[in-house]
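**Student:** Predicted coordinates and the sequence they were generated for:
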Amino acid sequence: MPRLNKKIENLGLILLFVVLFIFFAFSSKHFASLTNIMSLFAQMVELGFLTLGMAVSMLSGGMDLSIGALGSLGTVLLAVFIGQKGWPLLPAILLVFLLMLLAGLLNGFLVAYLKIQSMLATLGTQSLFTGIGLVISKGITVRVPEESMRIFGRHLVFGVIPFQILLFIPVVIAVGIYISRSISGRQIYLVGCNEEAARFTGINVKRTLMKVYLLSAAMAFFAALVFSSRISSGRADVLNSKVLETVTAAVFGGVSTLGGVGTIGGAVLGVAIITIVSNGLDMMNVSQFLQQVIVGSLLLITLALRNLKGKTSPFVALRNKVCRRIQ
Amino acid sequence: MSTPLLELKNISKSYSSVRVLNNINFSVVPGEVRALVGENGAGKSTTVKIIAGVEQPDSGGEIYYNGELIHKMTVKHSLELGVSVIYQDLSLFPNLSVAENIVKGSEKKFFVGLNTYKKQASAVLESLGVDIDTSLLLSELSIGKQQLVAIARAMYSEAKLIIMDEPTSTLSSTEVELLFDVIARLKESGVCIIYISHKLDEIFTVADSITVLRDGEHIETGAIDTFDQEKLIKLMVGRELRFVPFHGTDIGGSGTTFSVNNFTLEPYFRNISFDVREREVFGITGLVGAGRSELAQSIFGIRKASSGEIFLGGEKISISHTNDAIQAGVCYLPEDRRTQGLLMGQTVTRNTTSANLRGVSNKASLISGQKEKKVVEEYIERLAIKLPSIESHIERLSGGNQQKVLISRWLNAGPRVLIVDEPTTGVDVGTKQEIHRLLRELANNGVFIVLISSDLLEVLAVSDRVLVMRNGNAADLVETKSASQESIMEKSLLG
């Protein structure tokens, strides 16, 4: 039953996405245009990468709060190496990737070996990464005039499909398979569920946590790559504010803050729904202020419905009825 | 006979389509200690939940308290009536003082000074004949003392009916005696106690009367002197069941052994050596704190011993992490099922395969759902595990079935050595027997079995030789055929 429920839960999210899509398509004549749909997907990508990292750290029972700061640091490093120093694209990108993995190792080390609570450790490194970025960039926006860098965030393949979507899809599939099917992925769930019991079942908890924070750093790298290309610059705090959104998206998609529960597919759907709501409301000229209210309410309603699951309540009865219909 | 304090009439309870209680009638009078017994899944916990107002019975049932019909028992209502449940996990506040733990929540005034807390708390403890410093933090007390604090808390809130759920499962024998003294005092002052336990000898010591439940049905209620152990067990399991010894035959056939040499980890244990022979179940016993679990966990790689060697079939194996142990075929079923064994919130499937994920993976190192399903179904059949579905969360299973799942986890890892630590605590009599039979069967099939247990009857019945530990030392090695409970107890106390 639980597996069935999970499927239904994701089905519910897909349904919500479709309903929202139809709603916005009727509300705004520009919404359903090809250009807007493509830009909608492109908008998903940066939040999407960061949310993948966040979701994996949440599955392991933690929460990588430094992911936004690390992404921002990535944009600064890319801008400095490519824009200021004029290094060739490939080695620069490779170096930034390695440096960011190093930062992930630091997070992993703090959580796995020094046993600092994940949220506190990454709260510390969040400040650290932002600080390093500020020092390197001297607190200003560093421009990337380099033409070839445009490909990651501003290039349309065949003149229609934003390149970053083609980057995002394989990464989602890879991370999804890693989490749901691989041995390490399963171990991440089990560690997130109960670290001690995981250790007693022969799982190397430290190594598992290291993998988690490396993965989340890699996701921050992708976000940095796309973002710095899209805005042709790097800034030390540019992605910091996205952290809360990633938590919102992951939770929306059914990833538990307590660890061990959730799916990558769900998290991506969470991103999709949040993005479509904000894009659609933009199209309808709804103010940013009101948008906050709507997204917040949507999240609270979802959480309430999810928590009521299994208990007798009119909401659940309704939800079950709807789910049965869909089935 | 006086009016019953609490009376349940025709109480039934169903969860979706499963009926867990069927027309239960149950009544207790003030000053009575009533033992509520039955195998896991018999309906004891559900009965308690209904009395405490946590669950509502199906319509048709009636609850009377002091002769009055209670229309809807809620948690708040039951507390007001003086019903107090002391759960296994105690539900106290470890970071507050003993005094606050006793008084908090039932203060008679809004503002209470710390001194008043202490005075009132001390008075309650004194009336129970317990000596605990009320200014200590709760977390500084042993589990046994904490339990007494929980009882004192119930007394302070003027409880008339105290329900104790397996109160002695984590207590040392002196603490158990202290608890029994307290129960005697409570009885004198007219408090009624419902005592739930799997330990039959305790029930015969402490209870006035017994109610037996089986599969949600009321089987029998009667005064204590109308029962004896054999009859009680028979009523609980519904069939004749005696404690059959499972001693091995042809022990040490081919001469291969699993040996532990001079294992030391201060301050837990020192210079422990033993050999487990082929087809043998090797017992380790001793009092709580003798270092048994620490020894087992060191062998398994949870905490590294400071010195010592392990040989398996003549080859030295080095274990620095649990993963090494499992690779070498050394497996450990932990003592604390809830925190060290079960992966709560995960499915039965995931709980079963967690120690050998490679075994259910395909060539690309991806976990195959089909292989997992096959493995899990195989063990469900082999160990007769009762469960709603293999995708059910593990916490939905009864204690005995949870333990069987954990045993499957290790069987699936292909054990050459299986160390089981208190494998039958909180497990019903029938499952206990099944686990004993399984251990013997594994030993006969060439798995070296190390059975750690403080249940001396179990040790004597199942193992062939027993290592008695005392204060981290090996006190004696005993052949069980020539040993008695008393002689082993003497060794573990005196040496």
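**Tutor:** Received, thanks. Residues are numbered from 1 along each chain as shown, chains lettered A, B, ... in the order given.
**Student:** For the nearest residue to residue A:144 once chain neighbours are set aside, give me the pLDDT.
**Tutor:** Nearest non-adjacent residue to residue A:144, counting by CB to CB, 6 or more residues apart in numbering or on different chains: residue A:83, 4.0 Å away. C-beta here means a position set from N, CA and C on the backbone, and glycine is covered the same way. At residue A:83, the model reports a pLDDT of 85.
**Student:** if I look at residue A:293, how far off is residue A:300?
**Tutor:** Residue A:293 sits 11 Å away from residue A:300, going by CB to CB, to the nearest Å.
**Student:** same deal with residue B:92?
**Tutor:** Taking CB to CB, one finds residue B:92 at 33 Å from residue A:300.
**Student:** So which of the two has more stuff around it?
**Tutor:** Shown here are residue B:92 and residue A:300; by other CB atoms under 10 Å in any protein chain shown, residue B:92 has more neighbours (21 against 10).
**Student:** Pull the contacting residues for the more buried one.
**Tutor:** B:101, B:138, B:146, B:149, B:150, B:153 (CB atoms under 8 Å, 6 or more residues apart in numbering or on different chains).
**Student:** next one: residue A:10
**Tutor:** Residue A:10 touches A:254, A:263, A:265, A:266, A:269, counting by CB under 8 Å, 6+ apart.
**Student:** quick one: least confident helix or strand in the chain?
**Tutor:** With no chain named, the answer covers chain A. Lowest mean confidence among the helices and strands of chain A (mean pLDDT, DSSP states H and E): helix A:314-326, at a mean of 45.
**Student:** for chain B, which residue is closest to the average position?
**Tutor:** residue B:426 (3.0 Å; CA atoms, centre = their mean).
**Student:** quick one: the helices in chain A?
**Tutor:** Secondary structure of chain A (DSSP state H): helices at A:2-27, A:34-59, A:67-78, A:89-108, A:118-137, A:151-154, A:163-181, A:183-193, A:195-200, A:205-230, A:242-252, A:264-283, A:288-308, A:314-326.
**Student:** chain center to the second one: distance?
**Tutor:** Centre-to-centre, helix A:34-59 and its host chain are 6 Å apart (CA atoms, centre = their mean, to the nearest Å).
**Student:** For residue B:260, give me phi and psi.
**Tutor:** phi -120, psi 120 (degrees, to the nearest 10).
**Student:** Tell me if I'm right that it and residue B:310 touch.
**Tutor:** Yes. Residue B:260 lies in contact with residue B:310 (CB atoms under 8 Å); the separation is 5.7 Å.
**Student:** So which of the two has more stuff around it?
**Tutor:** Per other CB under 10 Å, whichever of residue B:260 and residue B:310 has more neighbours is residue B:260, with 24 against 21.
**Student:** Please name the bridge partners of the more buried one.
**Tutor:** Judged by DSSP bridges, the bridge partners of residue B:260 are residue B:274, residue B:310.
**Student:** give the contact list for it.
**Tutor:** By CB under 8 Å, 6+ apart, the contact list for residue B:260 reads B:272, B:273, B:274, B:275, B:299, B:308, B:309, B:310.
**Student:** Same list (those residues) but as JSON lines, adding distance to residue A:202 and pLDDT.
**Tutor:** As requested, the contacts of residue B:260 are exported to JSON lines (distance: CB to CB, whole Å; pLDDT from 0 to 100):
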{"residue": "B:272", "distance to residue A:202": "23", "pLDDT": "92"}
{"residue": "B:273", "distance to residue A:202": "25", "pLDDT": "93"}
{"residue": "B:274", "distance to residue A:202": "23", "pLDDT": "93"}
{"residue": "B:275", "distance to residue A:202": "25", "pLDDT": "92"}
{"residue": "B:299", "distance to residue A:202": "14", "pLDDT": "94"}
{"residue": "B:308", "distance to residue A:202": "21", "pLDDT": "91"}
{"residue": "B:309", "distance to residue A:202": "21", "pLDDT": "92"}
{"residue": "B:310", "distance to residue A:202": "16", "pLDDT": "93"}
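**Student:** Neighbour-wise, give me the winner out of those residues.
**Tutor:** residue B:272 (25 neighbours).
**Student:** State whether that residue is indeed within a strand.
**Tutor:** Yes. Secondary structure assignment places residue B:272 in a strand (DSSP: H, G, I helix; E, B strand; the rest coil).
**Student:** wait, what's in contact with it?
**Tutor:** With CB under 8 Å, 6+ apart, residue B:272 has these contacts: B:260, B:262, B:263, B:264, B:295, B:308, B:467, B:469, B:473, B:474.
**Student:** one more time with 6 Å
**Tutor:** Residue B:272 makes contact with B:263, B:295, B:474 under the criterion CB atoms under 6 Å, 6 or more residues apart in numbering or on different chains.
**Student:** does residue B:148 belong to a helix or a strand, and which?
**Tutor:** Following DSSP states H and E, one finds residue B:148 within helix B:143-156.
**Student:** Pull the distance from that helix to the chain's centre.
**Tutor:** With CA atoms, centre = their mean as the basis, helix B:143-156 stands 19 Å off its chain's centre.
**Student:** contacts for it?
**Tutor:** Contacts of helix B:143-156 (CB under 6 Å, 6+ apart): B:84, B:86, B:90, B:92, B:98, B:101-102, B:106, B:124-125, B:130, B:132, B:162, B:170-171, B:175.
**Student:** same deal with stretch B:38-57?
**Tutor:** The contact list for stretch B:38-57 (CB under 6 Å, 6+ apart) reads B:11, B:13, B:20-21, B:36, B:73-75, B:77-78, B:83, B:85, B:163, B:196, B:213-214, B:216, B:236, B:398-400, B:428, B:430.
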